[in-house]
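Chemist: Structure, please.
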Amino acid sequence: MKLYIKYMVSQRCKMVVKSELKSLGLHYTCVELGVADILENISDEKREKLRSNLLLSGLELMEDKKSMLIEKIKIVITEMIHYNDELPKVNFSEYLSTIMGYDYTYLSNIFSEVKGITIEHYIIAHKIERVKELILYDELNLTEISYKLNYCSVSHLSTQFKKVTGLTPSYFKKLKEKKRISLENM
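Modeler: Numbers count the residues shown, from 1 in each chain. From the prediction side, this is the model:
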């Protein structure tokens with residue numbers, strides 16, 4: 001039986017879910033971002049106990065099919081951008097359709113209806129957050145970051161970054177350096 005869990009986006013979340021399942025005597029085969037496979041059917045009483053325990057940790061057990069689909073889309077995007085060394089070389093709509101097993105238009109319409117934002121804007125927001133991380137790590141230059149995240153050029157990355165954050169990537173990097181210097185002077 002699959003359980004779908006909202007807001008499950010990190011290794012820590014997976015540990016929390018495993019712990020809660022174990023405390024309720026539920027045996028799992030797999031706990032991944034947003035989903036836990038358990039071996040047995042879960043009673044209403046245990047489901048409610050799991051729901052309330054997960055809520056205490058900021059996680060939410062989902063029942064609604066649309067919510068489950070939205071959460072799966074978000075997980076695929078998060079894994080694709082934040083946890084893969086390289087983004088897929090196909091366009092995101094094709095990638096998402098293949099992974100999810102649904103037509104992209106269907107996924108896009110449901111996502112927009114429920115989240116109030118397009119999948120494209122959601123992906124862009126995640127890519128910009130990833131760019132910020134990579135700038136802060138200071139291991140890659142902007143050209144390498146642009147290549148890593150499949151931007152067609154540094155100019156395109158910079159334009160999108162400024163549109164989303166209001167800052168240029170170089171100014172963002174200077175702000176980081178300013179903060180570091182001020183902390184060193186303390």
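
Chemist: mind giving me the domain ranges of this structure?
Modeler: 2-63, 68-179 (automatic domain parsing).

Chemist: Now tabulate the ones you listed in TSV and tack on mean neighbour count.
Modeler: C-beta here means a position set from N, CA and C on the backbone, and glycine is covered the same way. Below are these laid out as TSV (neighbours: other C-beta atoms under 10 Å):
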stretch	mean neighbour count
domain 2-63	16
domain 68-179	15
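
Chemist: who's in contact with the most centrally placed residue in the chain?
Modeler: Among the residues of the chain, the one closest to the centroid is Thr78, at 2.7 Å (C-alpha atoms, centre = their mean). Thr78 is in contact with Val9, Leu33, His126, counting by C-beta atoms under 8 Å, 6 or more residues apart in numbering.

Chemist: ditto for Glu120
Modeler: Applying C-beta under 8 Å, 6+ apart, the residues near Glu120 are Phe92.

Chemist: export the helix or strand containing it as PDB, just CAs?
Modeler: According to DSSP states H and E, Glu120 maps onto helix 119-137. Provided in PDB are the C-alpha atoms of helix 119-137 (Å, rounded to 0.1, in the frame of the first residue of the first chain):
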ATOM      1  CA  ILE A 119       4.700  24.200 -13.900                       C
ATOM      2  CA  GLU A 120       7.100  26.400 -16.000                       C
ATOM      3  CA  HIS A 121       7.200  29.100 -13.300                       C
ATOM      4  CA  TYR A 122       7.600  26.500 -10.600                       C
ATOM      5  CA  ILE A 123      10.600  25.000 -12.400                       C
ATOM      6  CA  ILE A 124      12.100  28.500 -13.000                       C
ATOM      7  CA  ALA A 125      11.700  29.300  -9.300                       C
ATOM      8  CA  HIS A 126      13.500  26.000  -8.400                       C
ATOM      9  CA  LYS A 127      16.300  26.600 -10.900                       C
ATOM     10  CA  ILE A 128      16.900  30.100  -9.600                       C
ATOM     11  CA  GLU A 129      17.100  28.700  -6.000                       C
ATOM     12  CA  ARG A 130      19.600  26.200  -7.300                       C
ATOM     13  CA  VAL A 131      21.600  28.900  -9.000                       C
ATOM     14  CA  LYS A 132      21.700  30.800  -5.700                       C
ATOM     15  CA  GLU A 133      23.000  27.700  -3.900                       C
ATOM     16  CA  LEU A 134      25.700  27.200  -6.600                       C
ATOM     17  CA  ILE A 135      26.700  30.800  -6.400                       C
ATOM     18  CA  LEU A 136      27.000  30.600  -2.600                       C
ATOM     19  CA  TYR A 137      29.100  27.400  -2.800                       C
END
